[in-house]
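S.K.: just a sequence and a predicted model for now, questions to come.
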Amino acid sequence: MTEGIIEDFHSDVTIQLVNENTPEDVIPTGKRLFDNKDSKCGKIECAELHLWTGQLIEILEGELKKRGIKVAPDAEKVLKIKIKDINFYLPFMGFHVRAWVDFNVDVGGVYSKSFIGRGKSGGTGLRAYGNAMLWSAVEILNDPDIQKYIREPIEKAITPAKDDDVEDKLEKLKTLFDKGLITQEEYDSKKTELLEKF
C-alpha cells in the first residue's frame, strides 16, 4: 500500500466517482469569487459548480490512487459528489483568505452525507479554494462510514440474513400473529419468505 495524507485502504478495491453537478448549477449571481490572475478559469466559468466538483474529484482520485484503489467509470461502488456552494472570506485587516466548500456525497445510492471543507491561504483566493478542496477530499476519505463502504466487498452488503436473524424474525412474526396484528395470510406469506433465507 502507498501512503498519502489519508488513512490507507486495501488495494483490491475499485470505485467510481461521479460528478453530480451540471453546467446549470451555478453560484448565486452577485457573489464575488475572487479577482485572480493565476486562475485557470474566467469569472463566469468559476461560477459553474460542476467545474469545482470536477476539481474535487481529481484530488480525490489522486488520493485514492496513492492508496492503490482503482478508479473506474464502471465500478460497482459509487461515490456521487455534488457541491452545493463555495464561498470565501477576506478579513478587513487580515492576511489569510478563508474558503469553504459545502457539498454532499451520495454513498452507493444508500445514503447521503453533507460536508463542509475549509481552507485558508496567505496568498490568493484560488489557493484558499485549492486547500479547501484538498481538505474536502480528506473529510470524505476519513469519514468512518465511507471508509467502511470502500473497504467492504459489495457481496457483504447484500448477503442474506444470518440464521439467528431469521429465527428472531420468525419469533417476532409469530408474536404479531398471536396478538392479532397480522392475518393468517400475511403470517404464512412472510414466514415462507423468511424460511427461504434460512
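M.R.: Done, it's in.
S.K.: what pLDDT does the nearest residue to residue 99 once chain neighbours are set aside get?
M.R.: Spatial nearest neighbour of residue 99, chain neighbours left out: residue 128 (3.8 Å); criterion: CB to CB, 6 or more residues apart in numbering. The C-beta positions use only the backbone N, C-alpha and C, and glycine is treated the same way. pLDDT for residue 128: 78.
S.K.: so what's the residue count around the residue nearest to residue 70 when sequence neighbours are not counted?
M.R.: Nearest in space to residue 70, with sequence neighbours left out and distances taken as CB to CB, 6+ apart, is residue 14 at 4.2 Å. By the criterion of other CB atoms under 10 Å, residue 14 has 13 neighbours.
S.K.: what's the domain layout of this protein?
M.R.: Using automatic domain parsing, the domain parsing of the chain gives 14-156, 160-197.
S.K.: pull out the buried positions in the last one.
M.R.: The neighbour-count check on domain 160-197 (16 or more other CB atoms under 10 Å) flags 166, 169, 173, 177, 182, 187, 190, 194 as buried.
S.K.: which of the residues you listed sits closest to residue 89?
M.R.: For the buried residues of domain 160-197, the minimum distance to residue 89 (CB to CB) is 53.0 Å, reached by residue 169.
S.K.: and that closest one, what element?
M.R.: Taking DSSP states H and E as the definition, one finds residue 169 inside helix 163-178.
S.K.: which strands and helices sit next to that helix?
M.R.: Where contact means 3 or more CB pairs under 8 Å, 6 or more residues apart in numbering; DSSP states H and E, helix 163-178 is packed against helix 184-197.
S.K.: average model confidence for the helix it packs on?
M.R.: Across helix 184-197, the per-residue pLDDT values average to 80.
S.K.: shaky segments in the chain?
M.R.: The chain contains residues with pLDDT under 70 at 1-11, 28-47, 90-95, 123-125, 154-164, 197-198.
S.K.: hmm, try it at 90
M.R.: Within the chain, the ranges that satisfy pLDDT under 90 run 1-14, 21-53, 55, 63-69, 83-104, 107-136, 138-139, 141-198.
S.K.: which residues of it fall in strands?
M.R.: For the chain, the strands defined by DSSP state E cover 14-19, 70-71, 77-89, 97-107, 111-121.
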